[in-house]
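S.K.: Below is the sequence, then the predicted model.
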Amino acid sequence: MTDPDPEDKRAATGHPDTGVADAVLREGVDGAWELILTGPWTRNHTRPDTAAVLAGIRRASPRTLRLREDHLTAWDSSLLALLRRILLAGNEMGWEMEVSRLRPGIRELLRLATAVPEQEPVSTGRREGVLSWLGRLALEQVSAWWDGVGFLGSVTLACLRALRGRARFRGRDVWLMLGACGPDALPIISLISFLMGLILAFVGAVQLRLFGAEIYVADLVAIGVVRAMGAIMTGIVMAGRSGAAFAAQLGTMEVNEEIDAFRTMGIDPIEFLVLPRLLALTLMMPLLCLYADVMGILGGLAVGVGLMRIGLVQYVVETRRIVGLNDLGVGLFMSVVFGILIALAGCLRGLQSGRSSAAVGQAATRAVVTGIVWIVVATAIITVLCNALGV
């Protein structure tokens, strides 16, 4: 790299015929520093050392650094690697970077190269201590909880505005989400719920047969499915289906900068994107839970009537006798809570997604894990409250 005297205002023309690339750093007339790239910047030609170029720029300590080309005859990824390192150093040092004088192809590839953050290399040095690891984990958890509280507050305010009729979202989006969360989910709900009722009945039948109490298979399946298992299994299925879909949709919009565009236009993404999904899943979960209850009871009936030789009418009468409105109410209440939690988990992880395809996949995975964890915690809390209240 050549570093001419700041007073030297000669234009760097380069010498393409020599097969040598050059990077000339000089101070412009307006006080900004310019890095002028000349010659063939390819791996097959001689070119300045990247570290030397960066060292020269750091010594100049420019407030504004303008990247430009002059007789740049050829270039490949080696030039992009140099420019990328310069841009990263400029962001770190607080330099104002100008790339408008580079040709459009270089600018576009440079934008793509800097869009995805560089992955952290695997450390080969001393292992992290236990206290350091615990401290870092605690800080990450505090930050995650703080982000979650802020998101919950924004959603609450958006819901209050919706109740007053001031929220800005399209009713058509709610109907589209209702279709995606409801009818499209019926096949998987049918299969899982039927098999769940069948398994409960078979496990209970093996033990109840020892006491000659096969009829109580109907009680076991009906209470277990209607009161808890129907809502829980529906919630887990929807967490893996709709929760991941919400996270992937919002994460993709984050990658494409569509959410930033909404904010620029003055549209709240919480109202326009989160509320339709929250409303749709909250409304559909009780209906899906009722459907899952029916399919679960049918699974138990298949075992009771087909395997245990219980009469069909006798099984149905026993099921109607044992199931009360309080059991049905607890299950439906669980399903509403699960619908809210799944929608919040999916939308939260989607809005937290990074701006790369890998980040979208990670957001979907985190949405499923978060939704299932919240379902388990909510089930425990609701079960303890119902036991305390005698419901």
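M.R.: That came in fine, so what should we check first? Residues are numbered from 1 along each chain as shown.

S.K.: quick check: domain ranges of this protein?
M.R.: The chain breaks down into these domains under automatic domain parsing: 16-115, 149-389.

S.K.: most neighbours per residue, which of these?
M.R.: Stretch with highest mean neighbour count among these: domain 149-389 (a mean of 19; mean count of other C-beta atoms under 10 Å). C-betas here are computed from N, CA, C, even on glycine.

S.K.: avg pLDDT for that domain?
M.R.: Mean pLDDT, domain 149-389: 89.

S.K.: do stretch 36-46 as well
M.R.: Rounded mean pLDDT across stretch 36-46 is 80.

S.K.: What's the end-to-end length of it?
M.R.: Terminal residues of stretch 36-46 lie 16 Å apart, using C-alpha to C-alpha, to the nearest Å.

S.K.: Kindly report the same for stretch 44-52.
M.R.: From its first residue to its last, stretch 44-52 covers 19 Å (C-alpha to C-alpha).

S.K.: Other residues contacting that stretch?
M.R.: Identification of contacts with stretch 44-52 by C-beta atoms under 8 Å, 6 or more residues apart in numbering yields 1, 19-23, 39, 41, 74, 78, 81-82, 85.

S.K.: Next, format those as TSV and append secondary structure.
M.R.: As requested, these are arranged in TSV below (DSSP: H, G, I helix; E, B strand; the rest coil):
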residue	secondary structure
1	coil
19	coil
20	strand
21	coil
22	strand
23	strand
39	coil
41	strand
74	strand
78	helix
81	helix
82	helix
85	helix
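
S.K.: ok, which pair from those residues is furthest apart?
M.R.: Largest separation among the contacts of stretch 44-52 by C-beta to C-beta: 19 and 85, giving 23.4 Å.

S.K.: Tabulate the contacts of stretch 44-52 (JSON lines), appending distance to residue 133.
M.R.: As requested, the contacts of stretch 44-52 are exported to JSON lines (distance: C-beta to C-beta, whole Å):
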{"residue": "1", "distance to residue 133": "42"}
{"residue": "19", "distance to residue 133": "52"}
{"residue": "20", "distance to residue 133": "50"}
{"residue": "21", "distance to residue 133": "46"}
{"residue": "22", "distance to residue 133": "48"}
{"residue": "23", "distance to residue 133": "43"}
{"residue": "39", "distance to residue 133": "49"}
{"residue": "41", "distance to residue 133": "44"}
{"residue": "74", "distance to residue 133": "49"}
{"residue": "78", "distance to residue 133": "39"}
{"residue": "81", "distance to residue 133": "34"}
{"residue": "82", "distance to residue 133": "37"}
{"residue": "85", "distance to residue 133": "31"}
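
S.K.: Residue 130 is nearest to which of the domains of the chain?
M.R.: Each of those was scored for nearness to residue 130 using C-beta to C-beta, and the closest is domain 149-389 (24.5 Å).

S.K.: from the chain's centre, how far out does stretch 85-95 sit?
M.R.: The gap between where stretch 85-95 is centred and where its chain is centred comes out at 29 Å by C-alpha atoms, centre = their mean, to the nearest Å.

S.K.: no, scratch that, I was asking about stretch 92-100
M.R.: Distance, stretch centre to chain centre, for stretch 92-100: 31 Å (C-alpha atoms, centre = their mean).

S.K.: Begin at 433 from now on, thanks
M.R.: Fine by me, first position is 433 from now on; the one you just mentioned is stretch 524-532.

S.K.: neighbouring contacts of it?
M.R.: With C-beta under 8 Å, 6+ apart, stretch 524-532 has contacts from 464, 490, 493-499, 515, 518-519, 521-523, 539, 542.

S.K.: cutoff 10 Å now
M.R.: Stretch 524-532 is touched from outside by 464-466, 489-490, 492-500, 515, 518-519, 521-523, 538-539, 542-543, with contacts defined as C-beta atoms under 10 Å, 6 or more residues apart in numbering.

S.K.: CA atoms only: put that stretch into CSV for me.
M.R.: The C-alpha trace of stretch 524-532 is given here as CSV (Å, rounded to 0.1, in the frame of the first residue of the first chain):
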residue,chain,number,x,y,z
GLU,A,524,-15.9,-0.2,15.2
MET,A,525,-14.0,3.1,15.1
GLY,A,526,-16.9,5.3,14.3
TRP,A,527,-15.8,6.5,10.8
GLU,A,528,-18.3,7.8,8.4
MET,A,529,-18.1,5.5,5.3
GLU,A,530,-18.9,6.5,1.8
VAL,A,531,-19.2,3.8,-0.9
SER,A,532,-21.2,5.7,-3.6
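
S.K.: Contacts only, for the spatially closest residue to residue 685 that is not a sequence neighbour.
M.R.: Nearest non-adjacent residue to residue 685, counting by C-beta to C-beta, 6 or more residues apart in numbering: residue 691, 5.2 Å away. Applying C-beta under 10 Å, 6+ apart, we find residue 691 in contact with 682-683, 685, 699, 701, 704-705, 782-783, 785.

S.K.: Residue 497 in helix, strand or coil?
M.R.: Following three-state DSSP, the label given to residue 497 is strand.

S.K.: whoops, residue 650 was the one
M.R.: The three-state assignment at residue 650 reads helix, by three-state DSSP.

S.K.: Pretty sure residue 503 sits in a strand.
M.R.: No. Counting by three-state DSSP, residue 503 falls outside a strand, being coil.

S.K.: Which pLDDT value belongs to it?
M.R.: pLDDT at residue 503 comes out at 77.

S.K.: show me where the stretch 533-682 of the chain has helices.
M.R.: 536-547, 562-595, 603-613, 618-640, 648-656, 662-670, 676-687 (DSSP state H, counting those that start in this stretch).

S.K.: In JSON lines, list these along with distance to residue 801.
M.R.: Shown next, in JSON lines, are those (distance: least, C-beta to C-beta, whole Å):
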{"stretch": "helix 536-547", "distance to residue 801": "27"}
{"stretch": "helix 562-595", "distance to residue 801": "12"}
{"stretch": "helix 603-613", "distance to residue 801": "20"}
{"stretch": "helix 618-640", "distance to residue 801": "19"}
{"stretch": "helix 648-656", "distance to residue 801": "25"}
{"stretch": "helix 662-670", "distance to residue 801": "11"}
{"stretch": "helix 676-687", "distance to residue 801": "10"}
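
S.K.: I'm done for today, thanks for sticking with me.
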